[in-house]
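Chemist: model the following, please.
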Amino acid sequence: MLGHPGQLGAPGRERDPSQGGVADFDDPGGRLGERLKVRGEEVMLTGERIPIIAKGGSALNAIGILNEKNLGAVIITNGRQEIAGIVTDGDIRRALAGTKDLHCLRAEDIMTAVPISIDKDKRAADALSIMQRHEITVLPIVDQARRLVGILHLHDLLGKGEFRFLV
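Modeler: Purely as a prediction, here's the structure:
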């Protein structure tokens with residue numbers, strides 16, 4: 001049911017669960033909704049923009065790639081571009097908290113094996129739902145053979161600066 005601005009259920013209004021109230025957002029013309037209707041492969045990062053390291057690479061090299069690409073994760077692949085795992089900022093923090101010497105470790109020593117991923121033909125809305133459900137910000141995109149073809153970051157999925165949320 002549509003109401004006047006300021007009323008729950010009205011366009012441009014959404015509940016803010018942390019405040020128990022309502023937050024305004026600016027999405028003229030429903031661009032966010034339109035963006036989420038496309039397939040994930042239409043908004044994913046590809047090629048050189050994917051933070052990737054081959055299995056067997058050092059943990060320090062993975063951290064360097066993570067820092068360079070600035071997405072919060074590095075994908076570890078085997079020789080066939082199949083995903084072996086993912087190293088996230090959190091994996092690095094856990095390794096450091098466990099007083100592991102990263103100089104002696106390979107990326108797969110600190111990675112999360114079998115990370116959550118999504119098929120390239122799925123809608124962006126499906127990717128967003130998976131990211132929300134698993135509380136992740138990066139989602140590898142795979143083909144039918146489970147080979148890495150791209151990566152989605154939450155900010156790119158939501159338009160990276162295209163939308164302005166007002167609280």
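Chemist: tell me the buried residues in stretch 108-119?
Modeler: Using 16 or more other C-beta atoms under 10 Å as the test for burial, stretch 108-119 gives Glu108, Ile110, Met111, Pro115, Ser117, Ile118, Asp119. (C-beta placed from N, C-alpha, C; glycine too.)
Chemist: likewise stretch 96-111?
Modeler: Neighbour-count burial for stretch 96-111 flags Arg106, Ala107, Glu108, Ile110, Met111 (criterion: 16+ other C-beta under 10 Å).
Chemist: thought the third one was touching Ile75?
Modeler: No: here Glu108 does not reach Ile75: they are 11.8 Å apart, not a contact under C-beta atoms under 8 Å.
Chemist: list the beta-bridge partners for the most centrally placed residue in the chain.
Modeler: With distances taken as C-alpha atoms, centre = their mean, Val138 lies nearest the centre of the chain, 1.8 Å away. Here Val138 sits in beta bridges with His153, going by DSSP bridges.
Chemist: dump the residue contacts of it.
Modeler: Listed by C-beta atoms under 8 Å, 6 or more residues apart in numbering, the contact set of Val138 reads Leu71, Gly72, Ala73, Ile86, Thr88, Ile151, Leu152, His153, Leu154.
Chemist: make CSV out of these and add neighbour count, pLDDT and distance to Leu45.
Modeler: As requested, those are exported to CSV (neighbours: other C-beta atoms under 10 Å; pLDDT from 0 to 100; distance: C-beta to C-beta, whole Å):
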residue, neighbour count, pLDDT, distance to Leu45
Leu71, 23, 92, 8
Gly72, 17, 93, 13
Ala73, 25, 96, 11
Ile86, 25, 97, 14
Thr88, 20, 95, 16
Ile151, 25, 95, 5
Leu152, 25, 93, 7
His153, 22, 91, 7
Leu154, 17, 89, 12
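Chemist: include secondary structure, distance to Glu41 and pLDDT when you put the buried residues of stretch 96-111 into CSV, please.
Modeler: Formatted as CSV, the buried residues of stretch 96-111 follow (DSSP: H, G, I helix; E, B strand; the rest coil; distance: C-beta to C-beta, whole Å; pLDDT from 0 to 100):
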residue, secondary structure, distance to Glu41, pLDDT
Arg106, strand, 30, 94
Ala107, helix, 26, 95
Glu108, helix, 27, 94
Ile110, helix, 29, 94
Met111, coil, 24, 95
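Chemist: parallel or antiparallel, which strands does the host helix or strand of Val87 pair with?
Modeler: Using DSSP states H and E, Val87 sits in strand 83-88. Strand 83-88 has its sheet partners listed here by DSSP bridges as strand 73-77 (antiparallel), strand 112-113 (antiparallel).
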